[in-house]
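[1] got a structure for you, letters missing:
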């Protein structure tokens, strides 16, 4: 099942990546890139805008996942971060 289907259906199973925010952020960035590619190929302005909107949403999601990872690391004691 693809990331888009998991997002739409609410399915949280993501194999080995489910606990790795960095991997999820990377996956979301790839989806954003695919949307940008589709936007570039779109013939109608409304289709282009829709793809650009989706790309923006995927990018924001990637940033949020990345920011949450940084915040979680900052809250860990120094000894846990070094392991």
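    Perfect, thanks for sending it. Treat the numbers as computed from the prediction; the structure is a model and nothing was measured. Residues are numbered from 1 along each chain as shown.
[2] Please count neighbours and contacts with C-alpha atoms only from this point.
    Fine.
[3] Correct me if wrong: residue 59 contacts residue 28.
    Yes - Residue 59 lies in contact with residue 28 (C-alpha atoms under 8 Å); the separation is 6.6 Å.
[4] Settle it for me: which of the two has more neighbours?
    Neighbours around residue 59 and residue 28, counted as other C-alpha atoms under 10 Å, are more numerous at residue 28. The numbers are 23 against 20.
[5] My understanding was that the more buried one contacts residue 55; is that so?
    No - with contact defined as C-alpha under 8 Å, residue 28 does not reach residue 55; the gap is 9.2 Å.
[6] Contacts only, for the closest residue to residue 34 other than its chain neighbours.
    In this structure, residue 34 finds its nearest non-sequential neighbour in residue 55, 7.8 Å apart by C-alpha to C-alpha, 6 or more residues apart in numbering. Neighbouring residues of residue 55 by C-alpha atoms under 8 Å, 6 or more residues apart in numbering: 31, 32, 33, 34, 35, 36.
[7] what helix or strand is residue 55 on?
    helix 45-75 (DSSP states H and E).
[8] so how many other residues sit close to residue 35?
    21.
[9] Give me the buried stretch members for the one helix or strand it maps to, please.
    When elements are assigned from DSSP H and E, residue 35 belongs to helix 21-41. Neighbour-count burial for helix 21-41, counted by 16 or more other C-alpha atoms under 10 Å, picks out 21-33, 35-36, 38-39.
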